[in-house]
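S.K.: quick one, what's the 3D model for this:
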Amino acid sequence: MDRAKRFYTEGLGWTIKDDWGISVFFASDGASPVGFYGREGLAGQVGTSPDGSGFSGLVLTYVVRSEKRVDEVMAEAGKAGATILKPAGPLPWGGYGGTFADPEGYIWSLAYSDQGKDQPYAE
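M.R.: Below you'll find the model as predicted:
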């Protein structure tokens, strides 16, 4: 994480918006924010093991505008053949969400936060 923070701040000139230790988020100037997690923290958050070849270290984030929509998308994904890694529910940081892996193994973190009503990138 320290090396990544140095690269993006010192190398690319990005500004850190939030640094939570296991994750760091950079200011976005109105675009989708960019955030990075350490491998173990990210794997733990989405419900998989950081070990072995089953976790690529990449998680795609899907932000929606309501808890109801989280539940709908999780159901749609399951019906379409996704593997539910963490069922929808309250998240440690105060939001609501769940995670699933698509049939190719790509992991999606689906989330809603009532603090994010002004997020133009949310569905």
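S.K.: give the contact list for Ala111.
M.R.: Ala111 makes contact with 61-64, 70, 91, 95-97, according to C-beta atoms under 8 Å, 6 or more residues apart in numbering. Bear in mind the C-beta positions are built from the backbone N, C-alpha and C, glycine included.
S.K.: number of nearby residues for Ile22?
M.R.: 15 (other C-beta atoms under 10 Å).
S.K.: ok, now Leu60?
M.R.: For Leu60, the neighbour count with other C-beta under 10 Å is 11.
S.K.: quick one: mean pLDDT for the helix or strand where it lies?
M.R.: Leu60 belongs to strand 59-63 when assigned by DSSP states H and E. For strand 59-63, the mean pLDDT works out to 83.
S.K.: can you tell me the strand partners of that strand and which way each runs?
M.R.: When pairs are called by DSSP bridges, strand 59-63 turns out to pair with strand 107-112 (parallel).
S.K.: roughly how far out does the partner strand sit from the chain middle?
M.R.: 5 Å (C-alpha atoms, centre = their mean, to the nearest Å).
S.K.: where exactly do the helices run in the protein?
M.R.: Under the criterion DSSP state H, the chain carries helices at the ranges 2-6, 39-46, 67-79.
S.K.: what's the closest of those helices to Ile107?
M.R.: The minimum distance between Ile107 and the helices of the chain falls on helix 39-46, with 5.5 Å, by C-beta to C-beta.
S.K.: what angle separates that closest one from strand 107-112?
M.R.: Orientation check (axes from the mean of the first three to the mean of the last three C-alpha atoms, to 10 degrees): helix 39-46 against strand 107-112 gives 60 degrees.
S.K.: by contact count, what packs against helix 39-46?
M.R.: On a contact count with 3 or more C-beta pairs under 8 Å, 6 or more residues apart in numbering; DSSP states H and E, helix 39-46 meets strand 107-112.
S.K.: pLDDT of the strand it packs on, averaged?
M.R.: On average, the pLDDT along strand 107-112 is 89.
S.K.: what about dumping the CA coordinates of the lengthiest strand in the chain to PDB?
M.R.: When the chain is parsed with DSSP state E, its longest strand is strand 83-90. What follows is strand 83-90, C-alpha atoms only, in PDB (Å, rounded to 0.1, in the frame of the first residue of the first chain):
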ATOM      1  CA  THR A  83     -21.400 -17.400  -7.200                       C
ATOM      2  CA  ILE A  84     -22.600 -15.400  -4.200                       C
ATOM      3  CA  LEU A  85     -19.500 -14.800  -2.100                       C
ATOM      4  CA  LYS A  86     -21.200 -12.500   0.500                       C
ATOM      5  CA  PRO A  87     -24.900 -12.200   0.600                       C
ATOM      6  CA  ALA A  88     -26.300  -8.600   0.700                       C
ATOM      7  CA  GLY A  89     -26.300  -7.100   4.200                       C
ATOM      8  CA  PRO A  90     -24.900  -4.300   6.300                       C
END
